[in-house]
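Participant: what's the 3D shape of this:
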Amino acid sequence: LVDRSHLFLANTVSTMNNYASFLIGFSIAGPLLYFFGPQTIVLLGLTLMVGALALHYFLPPIDHHLRELRHSSIHFLQSLFLIKGRLLEGMAFIRHHPLLLLVIIQAAFAFMVERSFISLMPNFSEELLHFTTKDISTYLIVPTGIGAVLGALAANKLKVRISKPVIVNTGIVLDGLGLLLV
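Facilitator: Residues are numbered from 1 along each chain as shown. As a prediction, this is how the structure comes out:
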């Protein structure tokens, strides 16, 4: 979708968008839970997910194989064979590009560390720091999210002086150290 020279910047924008959505979502989740209760929040989440599903229906396909899958004349079994073929094609591509496999493993590890951090933080905050649900958003989630966005911006600036693998590996190590410290 983007020129190769803009790939790092595009990934940074995508990462920032992801972190911004987490920052906004987790930041308002605590106060919303505090003021409206869990049932209202579950209903709000359900409503938003159904809305996203409805909007997804109207997105145009971006490649020929997506058009094939959306075409109403294709049966379910044919769709499964198309998906299987695409998966095998992707796995063969990864097998022929070992560096790509390393990047996938790094991304999976970073995702695992971050999600562990996110899942442990509320209980840690309530039990040890005696924060309320509302306080967790204000004192932990917002600073963490801002730090992640600033980190993505710094990574984009540093890429001209420091190699990308060094930046990625440093980020993974810092993620792991942060989780270890918590």
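Participant: which residues in the chain form helices?
Facilitator: Assignment of helices within the chain using DSSP state H yields the ranges 7-36, 38-57, 64-70, 76-95, 98-127, 133-136, 142-158, 164-181.
Participant: need the winner for burial among these.
Facilitator: Among those, the stretch with the highest mean neighbour count (mean count of other CB atoms under 10 Å) is helix 133-136, at a mean of 18. Where you see a C-beta, it was placed from the backbone N, CA and C, and this is true even at glycine.
Participant: mean confidence score for that helix?
Facilitator: Helix 133-136 shows an average pLDDT of 76 in the prediction.
Participant: who are the packing partners of that helix?
Facilitator: Contact partners of helix 133-136 among helices and strands, from 3 or more CB pairs under 8 Å, 6 or more residues apart in numbering; DSSP states H and E: helix 7-36, helix 98-127.
Participant: same list, those helices, but as TSV with distance to Leu43 please.
Facilitator: Compiled in TSV, those are given as follows (distance: least, CB to CB, whole Å):
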stretch	distance to Leu43
helix 7-36	10
helix 98-127	21
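Participant: pull the helix or strand with minimum mean pLDDT from the protein.
Facilitator: Every helix and strand of the chain was ranked by mean pLDDT, DSSP states H and E. The lowest is helix 64-70, at a mean of 54.
Participant: burial count for Val2?
Facilitator: The burial count assigned to Val2 is 11, neighbours taken as other CB atoms under 10 Å.
Participant: that one is in contact with Asn11, isn't it?
Facilitator: No. With contact defined as CB atoms under 8 Å, Val2 does not count as touching Asn11 (9.2 Å).
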